[in-house]
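A.B. asks: sequence below, structure please.
(2 chains)
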Amino acid sequence: MDFIGKYLLDIIITDWALQSYLDLKHKNTFTSEEYKNIIRPDVILLKEGFPPENPKFQNGKFWSFATLGNSTIKDGYKMKWHNTGQGKVQLRLGVAVLSDFFLCRGYVKSNENVDKREMAKLKINIRDISKGNFSYRGML
Amino acid sequence: MIPFTTSPEQKIRVYEIATKMAKVGLSVAFINDAVEMASEYEGLHDLMVLWDEETDICTQDEIIADIQDEIDQHKELPRGIERKPYISFDELDKIANDIVDFKKSLMKEVDRWGGITKLAEKTGIPQPSLNRFFNSASMPHRTTLYKIANALEITESKIVVLWAA
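C.D. replies: Model (predicted):
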């Protein structure tokens, strides 16, 4: 914890994040420019600490608790980008906030059902990370 | 306490859904694996409930593919933190292209052998899951690769050659 009461956490890239990223990139879900100029810098904002104080994180259309049905997923959050890529899709990234920030799966929210399925998977990821069982692909 | 552990009530729902899955012809191997994982992981229970509540067949197929993905990942889950090589952004396109090329060549083998429907029957992997496998640029799970290799009677070395192609 730093002197103003924020937790400074590392940003861990899990293998789930990498695998989803490979598929999204291959399907041209976002352009290289969008990744370099928008998505990556947005994720790196997490380095400022937790809870995030950057004004972007006060916007529920950018950062929110992860939910499934009426339940909030403990330690689960979502980053959101709108009208991304040529297809102008809604891009989401599941983030687990535990001992560090763990980037989980990225996905295109094409409808509510997809979002529910991805939230169920995020619960699986959070459980495995909590048990210390996961593959690590580096840090941002 | 480990989060998102399936409750006793949720386990009963899992067994009920498993019975419905058997009725629609999903393989015993798939259902057994799903029940085993869902008995521990609330998230897998949630996926099974979403399948049960879904009325659109295409979406149900997508959920079956999700469940199979989770089962395969769970089987390969490391005990502890496994450090895999870092991949830089500039390498991603090449890696994704290599994966897609590998899957295309494997799909040709499958077509020569008898096709994807036959492969689903032989391996017990649901067809929606195989469709996703062949159409995605994600790295293949070893579990899936070995099931396919065994069905096609492809040797380990050939799978490795194909993968490295």
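
A.B. asks: use CA for all of it now, contacts and neighbours both
C.D. replies: OK.

A.B. asks: can you name the element that comes right after the lengthiest strand in chain A?
C.D. replies: The longest strand of chain A (DSSP state E) is strand A:71-84. Tracing the chain past strand A:71-84, the next element assigned as helix or strand by DSSP states H and E is strand A:89-97.

A.B. asks: sorry, back to before: adjacent strands (with direction) for the longest strand of chain A?
C.D. replies: Strand pairing for strand A:71-84, using DSSP bridges, gives strand A:63-68 (antiparallel), strand A:89-97 (antiparallel).

A.B. asks: low-confidence ranges in the chain?
C.D. replies: No chain was given, so I picked chain A. Where chain A drops to pLDDT under 70, the residues are A:1-6.

A.B. asks: hm, I was asking about chain B
C.D. replies: Ranges of chain B meeting pLDDT under 70: B:160-165.

A.B. asks: show me where it has its helices.
C.D. replies: Ranges of helices in chain B, per DSSP state H, are B:8-23, B:28-38, B:42-53, B:57-75, B:89-113, B:116-123, B:127-135, B:142-152, B:156-164.

A.B. asks: who wins for proximity to chain A among those?
C.D. replies: Closest to chain A of these is helix B:42-53 (CA to the nearest CA; 4.5 Å).

A.B. asks: for that closest one, packing partners?
C.D. replies: Other helices and strands packing on helix B:42-53, by 3 or more CA pairs under 8 Å, 6 or more residues apart in numbering or on different chains; DSSP states H and E, are helix A:112-130, helix B:8-23, helix B:28-38, helix B:57-75.

A.B. asks: for residue A:85, find the nearest of the ones you listed.
C.D. replies: Taking CA to CA, helix A:112-130 is the member of the helices and strands packed on helix B:42-53 nearest to residue A:85, at 18.6 Å.

A.B. asks: and the closest one, what does it pack onto?
C.D. replies: Packed on helix A:112-130, when contacts are counted by 3+ CA pairs under 8 Å, 6+ apart, are strand A:63-68, strand A:71-84, strand A:89-97, strand A:101-108, helix B:42-53, helix B:57-75.

A.B. asks: can we see that at 6 Å?
C.D. replies: Here helix A:112-130 touches helix B:42-53, going by 3 or more CA pairs under 6 Å, 6 or more residues apart in numbering or on different chains; DSSP states H and E.

A.B. asks: quick one: contacts of the longest strand of chain A?
C.D. replies: Contact with strand A:71-84 is made by A:30, A:62-67, A:89-97, as judged by CA atoms under 6 Å, 6 or more residues apart in numbering or on different chains.

A.B. asks: and it, what's buried?
C.D. replies: Judged by neighbour count (16 or more other CA atoms under 10 Å in any protein chain shown), strand A:71-84 contains these buried residues: A:73, A:74, A:76, A:77, A:78, A:79, A:80, A:81, A:84.

A.B. asks: how far does stretch A:40-53 sit from its chain's centre?
C.D. replies: Stretch A:40-53 sits 11 Å away from the centroid of its parent chain (CA atoms, centre = their mean, to the nearest Å).

A.B. asks: typed the wrong thing, it's stretch A:79-92
C.D. replies: Offset of stretch A:79-92 from its chain centre (CA atoms, centre = their mean): 13 Å.

A.B. asks: pull it out as PDB, backbone CA atoms only.
C.D. replies: Below are the C-alpha coordinates for stretch A:79-92, written out as PDB (Å, rounded to 0.1, in the frame of the first residue of the first chain):
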ATOM      1  CA  MET A  79     -13.000  -3.100 -18.700                       C
ATOM      2  CA  LYS A  80     -15.100  -2.000 -21.600                       C
ATOM      3  CA  TRP A  81     -14.400  -0.500 -25.000                       C
ATOM      4  CA  HIS A  82     -17.200   0.600 -27.400                       C
ATOM      5  CA  ASN A  83     -17.400   0.600 -31.200                       C
ATOM      6  CA  THR A  84     -14.000  -1.100 -31.600                       C
ATOM      7  CA  GLY A  85     -12.500  -2.200 -34.900                       C
ATOM      8  CA  GLN A  86     -14.000  -2.300 -38.300                       C
ATOM      9  CA  GLY A  87     -17.000  -4.200 -37.000                       C
ATOM     10  CA  LYS A  88     -17.600  -1.500 -34.300                       C
ATOM     11  CA  VAL A  89     -18.000  -4.200 -31.600                       C
ATOM     12  CA  GLN A  90     -18.300  -4.000 -27.900                       C
ATOM     13  CA  LEU A  91     -15.000  -5.300 -26.500                       C
ATOM     14  CA  ARG A  92     -14.700  -6.500 -22.900                       C
END
